[in-house]
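**Q** Sharing a sequence plus its predicted fold:
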Amino acid sequence: MTRRAITRRSALALGSLSTAALAMPFVSRHGLAEPPIKLGSLLDASGPIGISGARMIQTTQYAVGVLNAAGGLLGRQIQLINYDTQSSMQLYSQYAQQLVLKDRVDVVQGGITSASREAIRPTLDRFKTLYFYNTQYEGGVCDRNVFCTGTTPAQTVDHVVAYAMKTWGKKAYIIAADYNYGQITAKWMTKFVRDGGGSVARTDFFPLDVTDFSSAISRIQQAGPNFLLSALVGANHNGFYRQWAAAGMKPKIPMASTVFGLSDELTSMEPATTDGIVTCYGWYNDIGTPASDAFVKGMQAKYGAGVTDLGELDSATYEGIMIWAEGVKKAGSVAQQKVIAALESGITIDGPSGKVTMDPKTHHTVRNAYLAQPKNRSWDIMATYPEQYPGDTGGACDLIKNPRTDKQFEPSI
C-alpha cells in the first residue's frame, strides 16, 4: 500500500477509529476514571500534500498506540484528536482554534509545509498550547512554545551541496517551490554553494499547482550547470522528475534534492526516473539498525506489509511524540510550562533514526543525518553524519537567554 492508496476517506476512517479507541478512559485500581491526556494532530490526509500526510497520520496513530499499550502517561491514556487539513491553510487555522478552544488538547503535533506551520503557530502561542513540528524544513524558527524534530539545512543540505560540488562541479542551478520552504531553502543552497567556491547559474521558483516544467527544462539546458538542486514539493511537482527523465536530461545533468523520496516516489515512479538522485535526511527505512527495523516492522504489523515507503517525515513524527512523552514523564505533568522546562533539560531518546537529543537553546534536535540515493526502489546509504547540530537555527536562536524570542531567522546571501 503506497501513500497514494490511502484515500482521504480511508485516512479519516482511520482517524475516527483511532480517536474512538484511544479515547477510552483509564480506570485506576481504585475504580475512578482518569481523564485522558489529549494529543491534537493536524495533518493532510488529502490534497496535494496528502501524499506525505497520509503516512504521517498512520505514524501518529501508531506512536499513540505504542504509548497507550505501555500504560499511557502519568497513569492516563492518550486520546488522539486528529483533523484532515486537506492541504488548506484556512482549515489549518480553523482546526487549530478548534483543538485549543473546543477540544482543549494538551499538545498539538502536526503541520507539514512551512506555510501550514506558520498558519497555526500564532494560535497555539496565543492560547499557550504546546506545539511540535515534526517535518524536515528550512530551519530558523525560534519560539519557546515550539519544538522542531525534523532536520534543517545545516544538518542535511550542507552535506548534499558539498557532495555535489566535490563530485560534479562548481556550477549549480536551483529549482524550488514558491513559498517559504522553497524560498529559504534556496537561500541556504546558494550560501552553501558560494561558501564552497561555486556559483549559481539561476534560481527558479514554482507555485505548488504547477505541473508543466517544459520551459524550465529548456532554461536549465541553456544554462549548462554541472548539477541541479531541487527543493520542489508535493504531488504536482513530482511531475518534474518524470519530465526531466523523459527529456533525456537525467544522464546529462545530475541532480540532488532536499525533498525527493520523503513520500512515495520510490514506489510510484520507475527506477529509471528515480535512481541516482542524491538526498540527505535524518532517516531512511534502509539504514538497517535494530531500532530502525523495529519501527518499520511495527508499522507493517499495524498497516500491512505494503508499508515500504516510510521516510524522515514518519520517523520524525514518531520521535516527536516520544520526545514529548519523555518531557511529560520528567515534568510529572502535561502543563505547558512544566513540559517546556523538562524538554529544555536536554532530553534524549533512542528513536528509529538513532540518538535524538532536544537542544535547549534552539528547541531543535541534535540527530544523525544520512546521505543516500535510490537504487532499484531501495536506498543506497552513501554516508552517515552522527549527531548533527542545527547550526542554522543555533547560530541565531538562544531561547534560554532570550525566552521571549518569536521569529524565524533566515540566512543572509
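**A** The structure has been received and is ready for your questions. It should be emphasised that the depicted structure is a prediction, and the values quoted were computed from it without experimental measurement.

**Q** When you work out contacts or count neighbours from here on, use the C-alpha atoms and nothing else.
**A** Will do.

**Q** which SS class is the residue nearest the centre of the chain?
**A** With distances taken as Cα atoms, centre = their mean, the residue of the chain nearest its centroid is T135 (1.9 Å). On the three-state scheme (DSSP: H, G, I helix; E, B strand; the rest coil), T135 is labelled coil.

**Q** Skipping its backbone neighbours, what lies nearest it in space?
**A** Using Cα to Cα, 6 or more residues apart in numbering and skipping the chain neighbours, the partner closest in space to T135 is G150 (4.5 Å).

**Q** How many neighbouring residues does the one you found have?
**A** Burial measure for G150: 29 neighbouring residues, criterion other Cα atoms under 10 Å.

**Q** Just the pLDDT at it, thanks.
**A** pLDDT, G150: 98.

**Q** secondary structure class for it?
**A** G150 ends up coil, using three-state DSSP.

**Q** residues in contact with it?
**A** Residues in contact with G150, defined by Cα atoms under 8 Å, 6 or more residues apart in numbering, are Y133, N134, T135, Q136, Y137, G282, E312, L313, A316, H364, T365.

**Q** Quick one: end-to-end length of stretch 199-219, please.
**A** Separation of the first and last residues of stretch 199-219 by Cα to Cα, to the nearest Å is 17 Å.

**Q** what's the answer for stretch 260-276, then?
**A** For stretch 260-276, by Cα to Cα, the gap between its terminal residues amounts to 11 Å.

**Q** buried stuff in that stretch?
**A** In terms of neighbour count (16 or more other Cα atoms under 10 Å), stretch 260-276 has its buried residues at 260-267, 271, 273-276.

**Q** can you give me the helices in the stretch 201-350 of the chain?
**A** In the stretch 201-350 of the chain, the helices defined using DSSP state H, counting those that start in this stretch lie at 214-223, 234-237, 239-246, 265-268, 271-274, 290-303, 312-331, 336-343.

**Q** what's the spacing between the longest one and its chain's center?
**A** For helix 312-331, the distance between its averaged C-alpha position and the chain's averaged C-alpha position is 13 Å (Cα atoms, centre = their mean, to the nearest Å).

**Q** about what we covered before: which one of the contacts of G150 is nearest A396?
**A** In terms of Cα to Cα, no member of these lies closer to A396 than H364, at 12.7 Å.

**Q** Please name the nearest non-neighbouring residue to that closest one.
**A** Here the residue nearest H364, using Cα to Cα, 6+ apart, is C148, at 4.8 Å.

**Q** just checking, the one you found touches N134?
**A** Yes: judged on Cα atoms under 8 Å, C148 makes contact with N134 at a distance of 5.7 Å.

**Q** any residues in contact with both of those two?
**A** Contacts common to C148 and N134, judged by Cα under 8 Å, 6+ apart, are G320.

**Q** With respect to S214, which of the buried residues of stretch 260-276 is nearest?
**A** Within the buried residues of stretch 260-276, proximity to S214 (Cα to Cα) peaks at T273, which comes in at 16.2 Å.

**Q** Now do the contacts for the closest one.
**A** Residues Y241, R242, A245, K250 are the ones in contact with T273 under the rule Cα under 8 Å, 6+ apart.

**Q** picking that back up, Throw the helices of the stretch 201-350 of the chain into JSON lines and include mean pLDDT and distance to E34, thanks.
**A** Conversion of the helices of the stretch 201-350 of the chain to JSON lines gives the following (pLDDT from 0 to 100; distance: least, Cα to Cα, whole Å):
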{"stretch": "helix 214-223", "mean pLDDT": "97", "distance to E34": "58"}
{"stretch": "helix 234-237", "mean pLDDT": "88", "distance to E34": "41"}
{"stretch": "helix 239-246", "mean pLDDT": "96", "distance to E34": "50"}
{"stretch": "helix 265-268", "mean pLDDT": "92", "distance to E34": "44"}
{"stretch": "helix 271-274", "mean pLDDT": "96", "distance to E34": "50"}
{"stretch": "helix 290-303", "mean pLDDT": "98", "distance to E34": "27"}
{"stretch": "helix 312-331", "mean pLDDT": "98", "distance to E34": "16"}
{"stretch": "helix 336-343", "mean pLDDT": "98", "distance to E34": "19"}
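
**Q** deepest of these, which one?
**A** Between the helices of the stretch 201-350 of the chain, helix 312-331 has the highest mean count of neighbours, a mean of 23, where neighbours are mean count of other Cα atoms under 10 Å.

**Q** what's in contact with that helix?
**A** Outside helix 312-331, the residues within contact range by Cα under 8 Å, 6+ apart are 52, 55-56, 59-60, 63-64, 73-74, 109, 132-136, 148-150, 262, 281-284, 334, 338-343, 347-349, 351-353, 358.

**Q** quick one, it and helix 336-343 angle?
**A** An angle of 100 degrees separates the directions of helix 312-331 and helix 336-343 when computed by axes from the mean of the first three to the mean of the last three Cα atoms, to 10 degrees.

**Q** one step back: show me which of the contacts of helix 312-331 are buried.
**A** Among the contacts of helix 312-331, those classed as buried by 16+ other Cα under 10 Å are 52, 55-56, 59-60, 63-64, 73, 109, 132-136, 148-150, 262, 281-284, 334, 338-340, 342-343, 347-348, 351-353, 358.
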